[in-house]
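Undergrad: Test case, fold it:
(one chain, ligands or ions: 1)
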Amino acid sequence: MADVIILGAGLTGLSAAYHLDAQGIEYNIFEKSDRAGGLLKSVKESGYIFDHTGHFLHVSDDGFKTFLDQTIGLTSFDIIQRRSAIFSHNVLTEYPFQMNLHGLPTDIIAECIEGFVKRNTRTKNPHTFYDWVLKHFGAGFGKHFFFPYNKKILSYDLKKVHPAWTGRFVPSTSLHNIIEGCFEKKDQVGVGYNSSFYYPKQGGIESIITSITQKISQPIRALHDVCSIDPVARTVHFTNGHQEQYKTLISTLPLNRLLTIIKAPSSATFTNAAGHLLHNSVVNINMGFNVPIPLDKHWIYFPEATYPFYRLGFWHNVSKSLTPLNHTAVYGEFSYLSSRTSADRVKKTVDQAISKTLDFLQLNPQHKTVEKVLHLEHAYVIYDTWREKHLHSLLASLEAFNIHSIGRYGAWKYSSMQEAYQDGKTVAATIKNTLERTTPRAQKGARRGRDSAAIL
Ligand SMILES: Cc1cc2nc3c(=O)[nH]c(=O)nc-3n(C[C@H](O)[C@H](O)[C@H](O)COP(=O)(O)OP(=O)(O)OC[C@H]3O[C@@H](n4cnc5c(N)ncnc54)[C@H](O)[C@@H]3O)c2cc1C
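TA: Predicted coordinates for the structure are as follows:
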């Protein structure tokens, strides 16, 4: 029996494995799918490479940079200055909207400025994203960008969404910035958390997973789908009949799934909580073309309801390695709530999105060489009031069973690849501390002997 079992070999699970290796702690890592990667998988199709929607590495933590260097090598990445835009009122404006009104119709600009000036900054701790926008940006920016765009990306009532997720994801603005941005296009350098990003020179985003997997000591036990966990006997059961004991469990499974498979005295509370955890799903439509697309953007945001997608991205502008020579490729994304949307509705929206993409880019369907539709069942976690009230104690009650539920879906949050790395690193340090406190002195000596061989 290894000290630790890791469930899920996405970036969080792999980072946990890497850091447990560095601490000399034994573990086994199990994955439901046929290979590691989770959301960071790339699909090869007719000479194109499509990631499961745009996945760009935002590197602000030196530790993450070092991790990427040691596992993949920094020379394997291009560092790219973001080129993004917003399409509304038939105009392409620079990102972010709250600093770049240049080019929009005069009445829209006036509404945004007036709303900003009249916004009620005295509202204390707004409880909804809707009110948070009104406080920080005002009614005009809300109406013309924040409300319709975020409604599209979340597929949820913004008056029921808590603003806790906004943090570093929404750049702030000032009257000075707004006015300057009315007269000229403003430089995007340094604006927002994603003003520049790393992207692998070859192989799409999955290439980072391939490299990390080679740097950890244990093989990924693929095709192991966890179906039940007994936290008292500390045993995990898989659908293929395998079972495994553990001292400590790291789970990166979606929390709502984890809660339904834990067979504990408090099972009823867990199952009940699972039903309250809301998330949406995203459809990612990829298309390749044998003609140029005269747009140099990496991605464009679409707040207006006439377009079913909230974003279009351009693979060939991210990396030439993603498309065959002289070909181009586009991805579109739309979200939906699976509990409220029929499969037929999703299919119809895919068809509309394809047709609207071709219209927008003025492309003829004959130039389409490939089409690949990918489904992300868990995409954006909904920060509703239930989550705000109960998530913390829910995760704490799992910790009481020695279960660390981490990662984007394990901790039920809106987070990036950098945070997946950080979560894996933090949990390894926590486990190391706990083992040091609880392991008898004689065993520590034996462990140290083994550790020196295991450290990478
Ligand atoms: C639309 C979208 C766009 C994004 N864009 C970016 C971006 O540009 N930049 C960025 O930094 N981040 C981005 N992210 C976030 C990024 O994808 C995540 O932070 C990161 O991939 C999370 O990794 P994870 O390991 O926590 O979760 P996952 O990747 O979901 O991994 C969990 C693993 O658990 C496995 N698993 C599930 N159930 C079981 C089971 N029963 N038994 C065994 N294994 C199981 C899964 O198969 C999976 O491999 C984006 C996310 C989305 C949804």
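Undergrad: Up against the ligand, what does the stretch 251-400 of the chain have?
TA: Selection of the stretch 251-400 of the chain residues close to the ligand by C-beta under 6 Å from any ligand atom yields 252, 253, 257, 282, 376, 379. Any C-beta I mention is one placed from the backbone N, CA and C, and that applies to glycine too.
Undergrad: how about the closest residue to the first one other than its chain neighbours, what does it touch?
TA: If I follow you right, that is residue 252. In space, residue 252 comes closest to residue 8 once its chain neighbours are excluded; the distance is 3.5 Å by C-beta to C-beta, 6 or more residues apart in numbering. Residue 8 makes contact with 30, 31, 32, 38, 251, 252, 253, 407, 410, according to C-beta atoms under 8 Å, 6 or more residues apart in numbering.
Undergrad: for those, which one is nearest residue 351?
TA: Lowest distance from residue 351 to the contacts of residue 8 (C-beta to C-beta) belongs to residue 38, with 28.3 Å.
Undergrad: Just confirm that closest one is within a helix.
TA: No. Counting by DSSP: H, G, I helix; E, B strand; the rest coil, residue 38 is not found in a helix; it is coil.
Undergrad: all numbers from here: first residue = 248
TA: Taking 248 as the first residue, the last one we looked at is residue 285.
Undergrad: The chain - how does it break down into domains?
TA: 251-288+450-521+633-701, 331-430, 528-623 (automatic domain parsing).
Undergrad: Dump those to JSON lines, plus mean pLDDT.
TA: Shown next, in JSON lines, are the domains of the chain (pLDDT from 0 to 100):
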{"stretch": "domain 251-288+450-521+633-701", "mean pLDDT": "92"}
{"stretch": "domain 331-430", "mean pLDDT": "93"}
{"stretch": "domain 528-623", "mean pLDDT": "97"}
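Undergrad: Dump those domains into JSON lines; add distance to residue 441 as well.
TA: Below are those laid out as JSON lines (distance: least, C-beta to C-beta, whole Å):
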{"stretch": "domain 251-288+450-521+633-701", "distance to residue 441": "9"}
{"stretch": "domain 331-430", "distance to residue 441": "8"}
{"stretch": "domain 528-623", "distance to residue 441": "10"}
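Undergrad: Let me know which of those domains is the nearest to residue 304.
TA: domain 251-288+450-521+633-701 (5.7 Å).
Undergrad: Now do the end-to-end distance for stretch 537-548.
TA: Criterion C-alpha to C-alpha, to the nearest Å; first-to-last residue distance in stretch 537-548 is 24 Å.
Undergrad: Which of the three states applies to the residue nearest to residue 599 when sequence neighbours are not counted?
TA: Leaving out its chain neighbours, the residue that sits closest to residue 599 by C-beta to C-beta, 6+ apart is residue 555, at 5.0 Å. Following three-state DSSP, the label given to residue 555 is coil.
Undergrad: What about residue 555? Give its phi and psi, please.
TA: Backbone torsions for residue 555, taken as degrees, to the nearest 10, come to phi -70, psi -30.
Undergrad: ok, now which ones touch it?
TA: With contact set as C-beta under 8 Å, 6+ apart, residue 555 has these partners: 581, 596, 599, 600, 603.
Undergrad: Return the distance of the second one relative to the ligand.
TA: Spelled out, it's residue 596. 16 Å (C-beta to the nearest ligand atom, to the nearest Å).
Undergrad: buried sites along stretch 264-282?
TA: By 16 or more other C-beta atoms under 10 Å, the buried positions in stretch 264-282 come out as 264-280.
Undergrad: What distance do you get for residue 649 to residue 479?
TA: Using C-beta to C-beta, to the nearest Å, we find residue 649 at a distance of 11 Å from residue 479.
Undergrad: Of these two, which one has the most company?
TA: Taking neighbours as other C-beta atoms under 10 Å, residue 649 and residue 479 compare with residue 649 leading, 16 against 9.
Undergrad: Contacts only, for the closest residue in space to the more buried one that isn't next to it in sequence.
TA: Spatial nearest neighbour of residue 649, chain neighbours left out: residue 495 (5.0 Å); criterion: C-beta to C-beta, 6+ apart. By C-beta under 8 Å, 6+ apart, residue 495 lies in contact with 250, 251, 252, 649, 651, 678, 681.
Undergrad: swap in residue 664?
TA: 258, 287, 302, 304, 305.
Undergrad: Try it again at 6 Å.
TA: 258, 304 (C-beta atoms under 6 Å, 6 or more residues apart in numbering).
Undergrad: Quick check: residues of the stretch 248-397 of the chain near the ligand?
TA: Residues of the stretch 248-397 of the chain lying close to the ligand (C-beta under 6 Å from any ligand atom) are 254-260, 277-280, 285-287, 300-305.
Undergrad: Next one: residue 278 from residue 291, what distance?
TA: 20 Å.
Undergrad: now that we have the contacts of residue 555, which one has the most neighbours?
TA: residue 581 (24 neighbours).
Undergrad: quick check, that one in a strand?
TA: Yes. With three-state DSSP as the criterion, residue 581 is part of a strand.
Undergrad: wait, it sits on residue 556?
TA: Yes. Under the criterion of C-beta atoms under 6 Å, residue 581 makes contact with residue 556 at 4.8 Å.
Undergrad: So for the two, which residues contact both of them?
TA: By C-beta under 6 Å, 6+ apart, residue 581 and residue 556 have these common neighbours: residue 600.
Undergrad: can you give me the strands for the stretch 398-547 of the chain?
TA: 443-447, 467-468, 473-477, 482-485, 490-492, 495-498, 528-536, 546-548 (DSSP state E, counting those that start in this stretch).
Undergrad: quick revisit: which phi and psi does the residue nearest to residue 499 have?
TA: Per degrees, to the nearest 10, the backbone of residue 255 is at phi 100, psi 120.
Undergrad: again with the one 3 residues further on
TA: Backbone geometry at residue 258, expressed as degrees, to the nearest 10, gives phi -60, psi -40.
Undergrad: And what about the closest residue to it other than its chain neighbours, helix, strand or coil?
TA: Leaving aside its sequence neighbours, residue 258 sits nearest to residue 667 (C-beta to C-beta, 6+ apart; 3.9 Å). Here residue 667 takes the helix state, with states given by three-state DSSP.
Undergrad: Tell me who's in contact with residue 667.
TA: If you count contacts by C-beta under 6 Å, 6+ apart, residue 667 has them with 258, 259, 654.
Undergrad: For the ligand, state which of those is nearest.
TA: Within those, proximity to the ligand (C-beta to the nearest ligand atom) peaks at residue 654, which comes in at 2.5 Å.
Undergrad: picking up where we left off before, out of the strands of the stretch 398-547 of the chain, deepest packed?
TA: Among those, strand 495-498 has the highest mean neighbour count (mean count of other C-beta atoms under 10 Å), at a mean of 26.
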